[in-house]
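Student: Let me see the structure of the following:
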Amino acid sequence: MRALLLPLRTLVPLLALLLSLRSVAAEDAKPARLNVLLLISDDLAARLGCYGDKLVQSPNIDRLALRGVRFDRAYCQFPLCNPSRASFLTGLRPDTLRVYENATQFRKNVPNAQSLGQTFQKAGYYVARVGKLYHYGVPAQIGTDGLDDPPSWAERFNPKGADVEELAPLINRIVLDPATKKTKLQTGNRLNQMGGTLSWLAAEGADQEFTDGKIADRAIQMLQAHKDQPFFIAVGFFRPHTPYVAPKKYFSLYPTDRITLPTVPPGYRQTVPGPAFTFKPEEEAMDDDLRKEAIQAYTASTTFMDAQVGRVLETLDQLKLTERTIVVFISDHGYHLYEHQLWQKMTLFENAARVPMIIAAPGGAKGAVSPRTVELVDLHPTLADLAGIVPPQGLDGWSIKPLVEKPDAAWDKPALTQVQRGGGPRNGGKPFMGYTVRTERYRYTEWAGGRLGAELYDHTSDPEELKNLASDPGSAQTVAELKKLLPAGAKQE
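Tutor: The predicted structure follows:
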């Protein structure tokens, strides 16, 4: 009997060891969970080398496009920072959140919304952000939490560089000279005025002295610290948002004699409804030399931002994380650089509504271009789908994973963008909405449900949107069909 007991005593720990090894082997057999690296630029139009821009140098973002899918027709839901960011970080449209300006934090209206960051936290990811994800007043609130959403992140970081403090007194901003009625440059350090006006500085200093350089530094540290666990890291750069501040070396890439200004045909403004325009006196009074300087500064800031993106992507490669990381690059909305004789955002033209969107995902297409209309509100369900986790119920966006895998797959969802205008005499003093719908061929826009005007542009023949066909009898059937794609509320204003 004793002779039998010894083998049994020996057998029990052996069985336990075998079961443990089997469990480890089964765990190892599971596919590794995909990480997410979300890169966001602030106020960046689809003016990049990979989008066909002949002026802008953006080598790092261009290389990312070669690794994934570049969406040629991607659109924001509201061409303003806070409404747009609240929308794509929740997966809910501005009308669902009821956020239409830069002052309202979305949880005031929808306290139980589950953000993109929360979705990944619930799935067991390390979730953090550095820089601007939700809205900040730029540049005055750089270095603060702004209108951030603390439940969205396990950690959050707010770097602040020389461009915010030391260099502020040197920044030039445009002002209207009341004596001459012409625009001039004024130097000053009133940060709260710079974000709403065109302002810039070709600065002394190395990249890492500036806010975006410091954001890249912190993003690199986060990747290094969390490389061995599933992560969702969001990196929000501030450039090229005004003030366009970047090291001088980036300005030298863009001599103003290489910059060509957009033009419009004679009498153009009379063909478009008044609410479509956002003219400012100081911008209207700029001369061509000043316009070219502004474009030079914006483009220099874009290339500076691209360099910081490159540093983060290089670290991802060095850590051997690229093949198991979903990388997304987007902007919060587009931007005007004198197209339609306009500057900045808050319009429903293609320039402000269209955004760059690149998704490089393991298993997805590489070096491909999708011609389908997609929206920033699609980001939340898409990233959850690509990572194999469950998104919350009731999102307004759709997963575009099928387009990440096959960029020209069948797809019939149009893109919707809206903007709010102040009342004034146009609408009896009441604020009103403009809504625009974009299909692969057309853009159709209505102001106050059409009472204050409509626009129709055929991108096949008019990609610059300079010929309004809304009242053309030959386009009546097209208008009728596109009207049906606008949200119900747009027809009732």
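Student: So for stretch 303-315, mean pLDDT?
Tutor: The pLDDT scores in stretch 303-315 average 98.
Student: So which bits of the longest helix along the chain are buried?
Tutor: When the chain is parsed with DSSP state H, its longest helix is helix 288-318. Neighbour counts over helix 288-318 (16 or more other C-beta atoms under 10 Å) mark 290-313, 315-316 as buried. C-betas here are computed from N, CA, C, even on glycine.
Student: Next secondary structure element downstream of the lowest-mean-pLDDT helix or strand in the chain?
Tutor: One helix or strand of the chain scores below all others by mean pLDDT, DSSP states H and E: helix 2-29, with a mean of 49. Per DSSP states H and E, helix 2-29 leads on to strand 35-42 as the next helix or strand towards the C-terminus.
Student: who does that following strand touch, helix- and strand-wise?
Tutor: Helices and strands touching strand 35-42, by 3 or more C-beta pairs under 8 Å, 6 or more residues apart in numbering; DSSP states H and E, are strand 231-240, helix 288-318, strand 325-331, helix 379-387.
Student: rerun at 7 Å
Tutor: Contact here means 3 or more C-beta pairs under 7 Å, 6 or more residues apart in numbering; DSSP states H and E; on that basis strand 35-42 packs against strand 231-240, helix 288-318, strand 325-331.
Student: Compare these and give me the one nearest Arg70.
Tutor: strand 325-331 (9.4 Å; C-beta to C-beta).
Student: Partner strands of that closest one, with direction?
Tutor: strand 35-42 (parallel), strand 354-360 (antiparallel) (DSSP bridges).
Student: what's the angle from the last one to helix 379-387?
Tutor: Put plainly, it is strand 354-360. Relative orientation of strand 354-360 and helix 379-387, computed by axes from the mean of the first three to the mean of the last three C-alpha atoms, to 10 degrees: 10 degrees.
Student: Run through who's touching strand 354-360.
Tutor: 44, 46, 48, 51, 61, 64-65, 67-71, 74-76, 327-331, 333-334, 374, 376, 404 (C-beta atoms under 7 Å, 6 or more residues apart in numbering).
Student: Throw the strands paired with strand 325-331 into JSON lines and include distance to Leu116, thanks.
Tutor: Below are those laid out as JSON lines (distance: least, C-beta to C-beta, whole Å):
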{"stretch": "strand 35-42", "distance to Leu116": "8"}
{"stretch": "strand 354-360", "distance to Leu116": "14"}
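Student: right, and those strands - which one's nearest Tyr338?
Tutor: That would be strand 354-360 among those, by C-beta to C-beta, at 16.3 Å.
Student: immediately after the closest one, which helix or strand?
Tutor: Counting by DSSP H and E, the next helix or strand C-terminal to strand 354-360 is strand 368-375.
Student: quick one: which of the contacts of strand 354-360 sit in strands?
Tutor: Among these, DSSP state E puts Val69, Arg70, Phe71, Ala74, Tyr75, Val327, Val328, Phe329, Ile330, Ser331, Val374 in strands.
Student: Quickly name whichever of those is closest to Gly364.
Tutor: Val69 (6.2 Å).
Student: Okay, and the beta partners of the closest one?
Tutor: Ile359, Ala368.
Student: circling back: just flag the most distant two among the ones in strands among the contacts of strand 354-360.
Tutor: Tyr75 and Val327 (20.7 Å).
Student: If you count surrounding residues, which of the two has more?
Tutor: Shown here are Tyr75 and Val327; by other C-beta atoms under 10 Å, Tyr75 has more neighbours (28 against 23).
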